[in-house]
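Trainee: model the structure of this input:
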Amino acid sequence: MGVRRCSIAAVAAAATLGLALLAPVGSGSPPRLVIGKDNLVAPLEIPANPRPGPVPGCRRPSRKCVRVTAQRLAKLENRFGCDHRAVFATTYRVLTQALLRRVRREPGFFRFARYFFFEDGLFADVYIATTNAYPRGERISPAWQIAFEAAAARDLAASQDMLLGINAHVQNDMPFVLAALGTKTRRGVSRKADHDRANEVLAEAYQQVVDAVERRYDPSIGVTNPDGVPADDIAGLELVKGWREEVWRNAGRLIATRNDPDAHSRVAEEIEENAASWARGIAASRTPGYGAQRDAYCEARRGGG
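Mentor: From the prediction side, this is the model:
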């Protein structure tokens, strides 16, 4: 059976056309976030006075937090095996390793390194909590529900599985993570420049992600996003860059409305519905039966990547 070749740019275009618990504890130092077993799946509760602080994946801010995130993601990859959810676990792991290399090479790459380490830990906490909640039948955000159900149906190209995960992780989860940790320092200095700097690492690592997904899961992504042909890479990067810009605005909206429950609920619902709309568009193009080909390819290459 042939497979419809789905480039990242084509998937993004199709998606566009298809679109028609954290809490503060006192005022002690350092500020802490209360983390319970049931409050790490988005939408997160935004503290009254958002500040970065220890989270399950990063108790003390250092490069170790990023290294631990990469290790957690590698374990998840191995647990998923050739399950189509593994595509995003690999994507996330490769990007995390690229971030780790950058902060090792340039310790001052992020102005607010302490914040970055806590953000990295919490972001991974939310993703892993979501992957654990899904098989238990617990409520997860619609974008993740669509992504996981599409993975179970096994009739998408790996490029779509990858983009579904990026969409849910970035557009759905990231605004809540940023809002929970705060977007400004105590002195009112914006952390936006660091948020934008991360785009440099995404650009640097993009082809590494494509290559890893091709090696482990699906040769079609190597056809649609070949080395030396940057058009699809640029399209995919610009798409995610645009998403991250909107993420920052949405984080600000969550913080601004945290004392108005009705307005805050509307913002949270808009964030979830936007990500879900993108997910429906990304998953709209299917190739029934392609999963068997992908799975056979993956099984033959287990242990690579």
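Trainee: going forward, measure contacts and count neighbours with C-alpha atoms only.
Mentor: OK.
Trainee: for the helix or strand harbouring Leu122, give the mean pLDDT please.
Mentor: Using DSSP states H and E, Leu122 sits in helix 113-133. The pLDDT scores in helix 113-133 average 97.
Trainee: following that helix, which helix or strand comes up?
Mentor: Using DSSP H and E, the helix or strand that follows helix 113-133 in sequence is helix 142-153.
Trainee: which helices and strands sit right next to the next helix or strand along the chain from that next one?
Mentor: Note on helix 142-153: by DSSP H and E, the next helix or strand toward the C-terminus is helix 158-167. The contact analysis (3 or more C-alpha pairs under 8 Å, 6 or more residues apart in numbering; DSSP states H and E) places helix 158-167 against helix 8-18, helix 86-105, helix 142-153, helix 220-224, helix 261-282.
Trainee: mean pLDDT and mean neighbour count added to these, as JSON lines?
Mentor: Formatted as JSON lines, the helices and strands packed on helix 158-167 follow (pLDDT from 0 to 100; neighbours: other C-alpha atoms under 10 Å):
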{"stretch": "helix 8-18", "mean pLDDT": "47", "mean neighbour count": "19"}
{"stretch": "helix 86-105", "mean pLDDT": "98", "mean neighbour count": "21"}
{"stretch": "helix 142-153", "mean pLDDT": "98", "mean neighbour count": "20"}
{"stretch": "helix 220-224", "mean pLDDT": "73", "mean neighbour count": "18"}
{"stretch": "helix 261-282", "mean pLDDT": "97", "mean neighbour count": "19"}
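Trainee: closest to Val170 out of these?
Mentor: Of all the helices and strands packed on helix 158-167, it is helix 261-282 that lies closest to Val170, at 8.8 Å by C-alpha to C-alpha.
Trainee: Ser220 touches Leu156, doesn't it?
Mentor: No - judged on C-alpha atoms under 8 Å, Ser220 makes no contact with Leu156 at a distance of 10.9 Å.
Trainee: before we move on, the earlier item: tell me how far the helix holding Leu122 lies from the chain's centre.
Mentor: Distance of helix 113-133 from its chain centroid, counting by C-alpha atoms, centre = their mean, to the nearest Å, is 10 Å.
Trainee: same thing with stretch 185-195?
Mentor: For stretch 185-195, the distance to the chain centre is 21 Å (C-alpha atoms, centre = their mean).
Trainee: mean confidence for it?
Mentor: For stretch 185-195, mean pLDDT is 97.
Trainee: sorry, back to before: select, out of the helices and strands packed on helix 158-167, the one closest to Arg59.
Mentor: helix 86-105 (17.3 Å).
Trainee: sec struct for Ala235, please.
Mentor: helix (DSSP: H, G, I helix; E, B strand; the rest coil).
Trainee: do you know how far it is from Ala89?
Mentor: 22 Å (C-alpha to C-alpha, to the nearest Å).
Trainee: what do you get for Tyr115?
Mentor: In terms of C-alpha to C-alpha, Tyr115 sits 23 Å off from Ala89.
Trainee: and for Ala268?
Mentor: The separation that Ala268 has from Ala89, given C-alpha to C-alpha, amounts to 25 Å.
Trainee: same check on Ala193?
Mentor: Ala193 is 27 Å from Ala89, by C-alpha to C-alpha.
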